[in-house]
Structures are given as C-alpha cells and as structure tokens.
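Novice: Below are the sequence and a predicted model; questions follow.
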Amino acid sequence: MSDTDADRMRDFIETFIPESMKEGKIPGLSIAVVRNGEVIYEEGFGSRDPAKSLPATPDTLYGIGSCTKSFVAMAIMQLMERGMLSLDDPVNNYIPLKIGLPGKPITIHHLLTHSSGIPSLATSTIALHRGIGFDTGFPWGGVNDFYRLVNGAQEEIVDEPGRLFFYNNAGYRMLGHIIQEVSGMTFDTYITEKILKPLKMERTTLLREEYERDPDRLTPHWKKPNGTLVSAGYPYPDVADNPDFSFIAAAGGIISSVRELTNYLIANMDGGRFEENQLLSPESIERMQTLYIERPPNHYGRYGYSYGWRITEDFLGHKMVSHGGSIIVSTAHLAFIPELKIGVAMAANTSRPPYPIIAEGAFAALMGKDPEKAIPALRIREWTRTLVGTYEVYKGLSRARVLNRNGLLYLERKDPFTYSLVPLLPENEKPESTRFYILTEGVRQPIKFVVHSPADIDLYVERYRYHKKA
C-alpha cells in the first residue's frame, strides 16, 4: 500500500462524506483511518454542535452504540482465559434467566452470537425512547424489571439455541450482567479497568457525567422519518446512578472518539496487543473474528456473526470484520481487515450515515483499487441516481416519478383521480439492473428501463412508454 493509495483514499473520503452528509442531513461526522498500527488519516466534517457552529473533530465524543458489543465479547474472553467461566456454560449458572427449551440450555456462546433462539425483546426501545422523551410506559427501573421482561418471553422462543440469528440487545445486557457477577465489579468498572485503561483510551467512558463535562462532545440529534433533525439529550442513563444495573450499558453504552477507537482497532488487528499491554491472546482474538452463525449473503458472499463482530469472509479477497452502532441520536461504525492491518472508525451525531460504503471505499483505495469500480454499493448508488427522475408519456399526457427511498427505487404515479406509490423490485442481483417488477394484487408486472444515455432513458410500464425529463 503506497502513498498514492493513501491519497486515493483521502480523495474518496473528502468527496464522498460531504456529499452524503448533505443528502442525509447529517450535522457532524468524524473519521480516523489506521494502517500498520499508525493513524494515517483523521478528520472531522460539519458540526458537533450546529447551534454554536462548533466543529466535529477526531476527538469529539460520540455514543458508539452497538460497537460496544465487541468490548463486551472481549471482556467475556478475558474472563474465559482466566478460568472464571467457559463459553459453553449455561447462562443461568450466573444470572436469573428462567426461560429456554428443556435440555437445550442457552450458553454464553449463544448470547455472544445472537443465536439463543429468542428474538429481539425491544429492551433498547424501552431504554432509548425514554431517554429522548418518548416513554413506552413499560416498567423500567432496574435489574428486577429487566428480568421480569425477559423471563416473561418463554412463548417468544422460536427455535433451539445455535440455529437461528436474532439480533438481541437483551442478550448482550445479560452478558454484561455475567461480567459483573463473575468479576465482582460493576460492568462499567470492569470495561474501564480491564480494557479502556490498557488501551490508553483515557477519555472513553460509560459515565454520563464524564461525557457531559467534556468540552468536545456531540450534541445529539434524532432524525424524523421526513429527515428533519431534532436536538435531544443523551439517551443512556448514567450507570453511576444505579450500579447494580450498570449492565444496561452492555448493549451500547460506550462513549468514545474516533481517535481513541483506533487504539482498539490496532489491538484487534495485532493479536490482542496494544503497545506494552496484552489484553487478550492471539488465539482468543482469532476466535472473536471467526464466523459462527450465517446470515444472508452480502455483496461479497458469505457473511455472518462472530463474538460482537460481523464477518464478511471475502471482501475483495480478504476477511473484513465490522460492526455498526446506533443509539438513535448518535451512531458509529468500526471496520478492519486483519490481514492487511487497515481499519476505520467513524461516528456521527445522528442516524443513517452510509458507513459501510465509506469503510469499503476507503479499504478499496488503500488496496490500490478504484472505489467507484470495486464497491458494488457505490455502483448501485450511482446507477440509482441515473434512473431517478420525472418521466412523461407522449405529449406529456401522463407523468410518473422514480424515487429513491433508503436505497430502494419506487414508482410514483398520480393524476386528479388516482395515486400509487410502489417499490420497484429488481429481477436479478446485477448492480446495474434495468429490469424490475411491481406487484399488482399479488401479480408481478414487469418494469423495464432502456438507457440510451444518462439523460435519455425510456421507462416501460404496462401499456405506457415514458421518457425521462428531469
């Protein structure tokens, strides 16, 4: 990887991020890229506090949401290495989980891989919605309320453990409780003392008080469905107020900066070591980066979940490890390629930045490739832009619009008497697909684009031939 590759990466980032922030109405975003143990790029874009025009920086503190889960997994692996637990132990050896199937115990491994057989119980909906002023009304005051909710879900169990993937925040909260019970420390204290301090992540915290007194911190914003931003408070409660329930933060409570998160990435790419501190053995790090339960394939083929990480087995010829996180008002994304020792940390003060595309584009550039050609999502994004627009039939007697909503194309048709808005479903998996279909009363109706040039496109819908106008 040459300096030319680093320049290509910088050009991609500094073109793509401002453009996507404008489209997504993202006030502030920070990013840091690491290669071979060194930070090679770090930058802030936009404002961490738009009301005061304070800039986002590499040091701005953000809530990293579910990126916390790999820290939880690392803590569990540390306790395993010390002989304090086994990944095959039933979790009810440690915590008051009372549900499950006879003879099929839910183990620590099952919680780590989201394969307990229990679907999401929406515990984060209760916690985070309350935090931004939308209380669900469900009793939620501490450990007893948490387990009343979880232990009431026996009839929700779908399958025996180890067979199906159901992303489950409650499962990681239970792992946090196990860490608390086994170590004798509150969850936040364990993470701070055994992981954050050895990584020299001095400003990273789970304590709301520390976040609030730091001058370089985000102003949280939640995004309405129409894209309007609303400023809000930080949604996670201060774990210091309720130490017994400190493990509420295990699903997504860490607050950090992208600069400090690069220390964590380095340790995960260097066999569990950061500078003079060995946090975990290389063997345990490898176990944390092994695919255990498959999910539907992504653009690069086989894809699934490990211990607190998502695994893409063949990203341009290399294994990619990643995880995103959201607490509604703040989001983050971590990704790295262990073999190449390149990684990226990103965070923003609202939801839905296109983090995976940014990470994949940066990696492609560092691998000497043109991101626009190498990354399917970028090709799809550009192709979608080509098709979006207003279309008219002969003499403009009927109009239609092709819209892009969250990456899916829709066909909108309206006149004084009718209105319809239907998704355009691709006939195949080709990034530059021209053939789609809509469902009319359950029956497939073909839709075809004929692209003569980006400005000259015909759209065939039932009896009509539309011509792109804008």
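Specialist: Happy to help now that I have it.
Novice: Stretch 234-254: which residues count as buried?
Specialist: Buried residues in stretch 234-254, counted by 16 or more other Cβ atoms under 10 Å: 234-239, 245-254. From N, CA and C alone the C-beta is placed, and that goes for glycine too.
Novice: residue boundaries of the strands in the stretch 1-150 of the chain?
Specialist: Using DSSP state E, counting those that start in this stretch, the strands found in the stretch 1-150 of the chain span residues 28-35, 38-49, 54-55, 62-63.
Novice: State the paired neighbours of the first one in the sheet, together with their directions.
Specialist: When you say that, I think you mean strand 28-35. Strand 28-35 has its sheet partners listed here by DSSP bridges as strand 38-49 (antiparallel), strand 342-348 (antiparallel).
Novice: Measure how buried residue 167 is and give me the count.
Specialist: Residues lying near residue 167 (other Cβ atoms under 10 Å) number 13.
Novice: Residue 308 versus that one, what's the distance?
Specialist: 12 Å (Cβ to Cβ, to the nearest Å).
Novice: now residue 93
Specialist: Counting by Cβ to Cβ, the gap from residue 93 to residue 308 is 21 Å.
Novice: out of the two, which sits in the busier spot?
Specialist: Neighbour comparison, residue 93 and residue 308: the larger count goes to residue 308, with 26 against 15 (by other Cβ under 10 Å).
Novice: Hmm, that one is touching residue 75, no?
Specialist: No. Judged on Cβ atoms under 8 Å, residue 308 makes no contact with residue 75 at a distance of 9.7 Å.
Novice: Pretty sure residue 311 sits in a strand.
Specialist: Yes. Assessed with DSSP: H, G, I helix; E, B strand; the rest coil, residue 311 lies in a strand.
Novice: Buried deepest among the strands paired with strand 28-35, which one?
Specialist: Using mean count of other Cβ atoms under 10 Å, the stretch among these with the largest mean neighbour count is strand 342-348, at a mean of 29.
Novice: Quick check: the residue lying farthest from the centre of the chain vs residue 458, distance?
Specialist: Residue farthest from the centre of the chain, counting by Cα atoms, centre = their mean, is residue 395 at 46.8 Å. Counting by Cβ to Cβ, the separation of residue 395 from residue 458 is 15 Å.
Novice: So which of the buried residues of stretch 234-254 is the closest to residue 224?
Specialist: residue 235 (15.9 Å; Cβ to Cβ).
Novice: from what I can see the closest one touches residue 255, true?
Specialist: No. Assessed by Cβ under 8 Å, residue 235 is found out of contact with residue 255, at 11.6 Å.
Novice: Find residues that contact each of those two.
Specialist: Counting by Cβ atoms under 8 Å, 6 or more residues apart in numbering, the residues touching both residue 235 and residue 255 are residue 63.
Novice: residues in contact with the longest helix seen in the chain?
Specialist: The longest helix of the chain (DSSP state H) is helix 3-24. Helix 3-24 is contacted from outside by 26, 29, 31, 33, 35, 40-41, 43, 45-46, 227, 352-354, 357-358, 361-362, 365-368, 370-371, using Cβ under 8 Å, 6+ apart.
Novice: which of those residues are buried?
Specialist: 26, 29, 31, 33, 35, 40-41, 43, 45-46, 353-354, 357-358, 361-362, 365-367, 371.
Novice: I am finished for the moment; much appreciated.
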